[in-house]
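[1] the following comprises the amino acid sequence and a computationally predicted model.
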Amino acid sequence: MKLNLSTPVAVVSQVGKTTANRLKKLGILTVEDLIFYYPFRYEDFSQVSPISELEPFSSVTVKGKIELISNRRSWKTKKILTEGLVVDKTGSIKVIWFNQPFITKILEPGDEVYLAGKVGLDHYAPQLVNPIYEKVNRKAETIHTARIIPIYSLTQNLTQKQIRWLIKVALVVVNQVSEWLPVEIQNRLKLYSLREALKQIHFPDSQNKIDQAIRRLKFDELFLFLLQSQLVKKDLKSSQAFKIEFKEKETREFVSSLPFSLTNDQKKAAWQILKDLEKNQPMNRLLEGEVGAGKTVVAAIAICNVALNGYQSVLMAPTEILASQHYRNFQKLFSGVNAKEIINKSLFSRSNKKINDQDSTKAKIVKQIKTGKINFVIGTHALIQDIVEFKKLSLVIIDEQHRFGVEQRKILHQKGQAKDFSPHFLSMTATPIPRSLALTLYGDLDLSIIRELPKERKKIITKIVNPEDRKSSYEFIRQQIRQGRQAFVICPLIDPSDKLGVKSVTEEYKKLKEQVFPELDIAILHGKLKSVEKEKTMADFLAKKSQILVATSVVEVGINVLNATVMLIEGAERFGLAQLYQFRGRVGRGVHQSYCFLAADKQSQKTKARLEALVNAKNAFELAEIDLELRGPGEIFGVSQSGWPTFRIASLFDAELVNLAQSEAKEIVQRDPELQHYPLLRSKIEKLNQEVHLE
């Protein structure tokens, strides 16, 4: 069968339906997906060693002839052992495989093979245990041995050999991949061609070629991201927005109705936003602040002014849980008489539909948004995917998603009846980003930062918990619950995984419920639950019907349980610093002293340094600087943090490449803002907008 980039993997020779389903779990549906599925590390088996020179515990490749091979059952463990003897001109070595009896049907005496693996000892004699094997083929280069071999992330019942073989097959059509990066940039920065980079990232000829391939592919991701940023900036400069007049008297009345005083940082951020809203160009601002620093009330001040001017605002959240949380928070903020007269609010997501404090219907909400009766809507992506039309949309607020796509802006723009005007945009995030990095990455955004915490907030006491301290941690949680408090337990996985040896929500929930806290009400929350189940679980926890919530990272942002005072994070070493910081921010939101325990199963020096940074850092921004320092610019593969762009291979911490990509992106937009001379680049950006921002 003749392959092309869009060929489904299911029809590639020797794949079959079962393997295709496994590949689908990795996001691999087509031959093109295979080509762009990068390895995360490499094993160097490029040096073929004579058998007589093998050193114990070294990683080697040997080339020899199979003299003997057979299966037998171990008398002690009853496992099936495949044993062989391989010889070359210099000597012989014993080879053993466990529970792989099929090997005797593949390898026979007389076959010439490459074997790659670690040299072990058997009664002081060297042997190879479970080595990778590959028959010598004079007509083709090796895939699994006698070279630097790629190691890929896998899913259950998929092997490295399978994925390597499939990618080797897919690379036959790598020349069909379009070279979209302008040739002048390639030449100026001495970058590999895209096709050469893709070949070398999978089956490199040397370490230097791996480095060059990674450099090109990292640059591609950073350049596209930063070019998109520059295009957004240019687009906004040429757009018009409704001018929102600052209503000083009413704003002062709203602020004075709040049950707390604004911090200086909140006042400053609110003023920056209000000044932006007075302009006839769309605001494009990132509001960055500590967890619990009060970003919501700053947004509320802007929303009030928009409503007082006769326009509409919308707040979009990435999940239904977070949208509902925001709705409850704004209910409290807008509960004063003055605010109630100004704001008609609605909650609009797939599972929840409300107008003010009453349940409603989709049809009624859509109608009232269109007529302008509802002037503030909180929702999820349902707001742009459903038939929603605004009368005068003037302000769009995005929570925990810095990059709000050009395509989404266009959709919201088209929903308004005032076609010639674009809404103002405000992005909010609690992910701490060093200012220098934020300004580079989000060049299209103005920046407001809230560093101060409200005076009544207590510092969360954070401790690293060793395995021997686990019982005392459980006892501490029990004491807090006896005092009427609640607790979170966070786990990295939903289901158990023997390979990873990491705690899962399902098994931890079972253990806590049956063995540790049988007398308590314990709830479970994770991404596989239906929206209705998630909502009920959170509602019950808020109502104190459960005392402990065992959850995954689904609680990373936006959960506001004032009564929760303890968080135990299992497998803390598996989370990034920013993510741990977000988790910790789920406690300490009320008046009671709160605690966060970091339980790490593996405590390397690097892990200990990261966890101690969380314990000792004075604030989120200091933590962000430490995170940047600990990760360093040399980290090869990308980071995944809430609200940050997700890359396959690039790293936000690679300062040199970020600066190069930023410089090239600016130059392209200044010279050719419509990308008329770069049709392939324009097509790539359009595709990126659709893929990344319309999920």
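    It's in.

[2] CA atoms for contacts and neighbours, from now on please.
    Will do.

[3] just the helices in the stretch 51-200 of the chain please.
    103-106, 160-170, 183-189, 194-202 (DSSP state H, counting those that start in this stretch).

[4] and these as a markdown table, adding mean neighbour count, distance to Lys353 and mean pLDDT?
    Formatted as a markdown table, the helices of the stretch 51-200 of the chain follow (neighbours: other CA atoms under 10 Å; distance: least, CA to CA, whole Å; pLDDT from 0 to 100):
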| stretch | mean neighbour count | distance to Lys353 | mean pLDDT |
| --- | --- | --- | --- |
| helix 103-106 | 12 | 60 | 94 |
| helix 160-170 | 18 | 45 | 94 |
| helix 183-189 | 11 | 50 | 96 |
| helix 194-202 | 21 | 47 | 97 |
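
[5] nearest to Thr319, of those?
    helix 160-170 (33.5 Å; CA to CA).

[6] name the helices or strands packed onto the closest one?
    Under the contact criterion of 3 or more CA pairs under 8 Å, 6 or more residues apart in numbering; DSSP states H and E, helix 160-170 touches helix 31-35.

[7] which other helices and strands does the next helix or strand after the helix it packs on contact?
    Toward the C-terminus, helix 31-35 is succeeded by strand 41-44 as the next helix or strand (DSSP states H and E). The contact analysis (3+ CA pairs under 8 Å, 6+ apart) places strand 41-44 against strand 148-151.

[8] in its sheet, which strands sit next to the strand it packs on, and in what direction?
    Strand pairing for strand 148-151, using DSSP bridges, gives strand 41-44 (antiparallel).

[9] in the strand it pairs with, what's buried?
    Going by neighbour count (16 or more other CA atoms under 10 Å), the buried part of strand 41-44 is Tyr42, Glu43, Asp44.

[10] from the chain's centroid, how far away is it?
    Relative to its parent chain, strand 41-44 has a centroid offset of 25 Å by CA atoms, centre = their mean, to the nearest Å.

[11] any idea how far Arg215 lies from Leu191?
    8 Å (CA to CA, to the nearest Å).

[12] helix or strand right after the helix or strand where Arg328 lies?
    Using DSSP H and E, Arg328 sits in helix 320-333. Downstream of helix 320-333, the first helix or strand assigned by DSSP H and E is helix 337-342.

[13] only C-alpha atoms, please: export the next helix-or-strand element following that following helix in CSV.
    Along the chain past helix 337-342, the next helix or strand (assigned with DSSP H and E) turns out to be strand 345-348. Extracted in CSV, the C-alpha atoms of strand 345-348 (Å, rounded to 0.1, in the frame of the first residue of the first chain):
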residue,chain,number,x,y,z
LYS,A,345,-25.7,37.8,35.5
SER,A,346,-26.0,34.3,34.0
LEU,A,347,-24.2,31.0,34.3
PHE,A,348,-24.0,29.2,30.9
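
[14] Lys243 falls within a strand, correct?
    No - using DSSP: H, G, I helix; E, B strand; the rest coil, the assignment for Lys243 is coil, not a strand.

[15] for it, give me its contacts.
    Lys243 makes contact with Leu277, Glu278, Lys279, Asn280 under the criterion CA atoms under 8 Å, 6 or more residues apart in numbering.

[16] same thing with Thr30?
    Here Thr30 is in contact with Leu5, Ser6, Thr7, Pro8, Val9 (CA under 8 Å, 6+ apart).

[17] and the furthest pair within these?
    Longest span within the contacts of Thr30, CA to CA: Leu5 and Val9, 9.9 Å.

[18] what sits in contact with each of the two?
    Listed as contacting both Leu5 and Val9 by CA under 8 Å, 6+ apart are Thr30, Val31.

[19] those two: which is more packed in?
    Neighbours were counted for Leu5 and for Val9 using other CA atoms under 10 Å; Val9 has more, 27 against 19.

[20] the more buried one: what's it in contact with?
    By CA under 8 Å, 6+ apart, Val9 lies in contact with Val15, Ala20, Ile28, Leu29, Thr30, Val31.

[21] hmm, back to that, Gly289: which of the buried residues of strand 41-44 is nearest?
    Tyr42 (39.2 Å).

[22] hmm, back to that, export the contacts of Thr30 to JSON lines and tack on distance to Thr296 and secondary structure?
    Output for these, formatted as JSON lines (distance: CA to CA, whole Å; DSSP: H, G, I helix; E, B strand; the rest coil):
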{"residue": "Leu5", "distance to Thr296": "46", "secondary structure": "coil"}
{"residue": "Ser6", "distance to Thr296": "45", "secondary structure": "coil"}
{"residue": "Thr7", "distance to Thr296": "48", "secondary structure": "coil"}
{"residue": "Pro8", "distance to Thr296": "46", "secondary structure": "strand"}
{"residue": "Val9", "distance to Thr296": "46", "secondary structure": "helix"}
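
[23] dump the residues you listed into a markdown table; add distance to Lys267 and pLDDT as well.
    Listed next are these as a markdown table, based on distance: CA to CA, whole Å; pLDDT from 0 to 100:
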| residue | distance to Lys267 | pLDDT |
| --- | --- | --- |
| Leu5 | 54 | 94 |
| Ser6 | 53 | 93 |
| Thr7 | 56 | 94 |
| Pro8 | 55 | 93 |
| Val9 | 56 | 93 |
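
[24] which parts of the stretch 501-650 of the chain are helices?
    In the stretch 501-650 of the chain, the helices defined using DSSP H, counting those that start in this stretch lie at 505-511, 531-542, 577-584, 605-616, 620-631.
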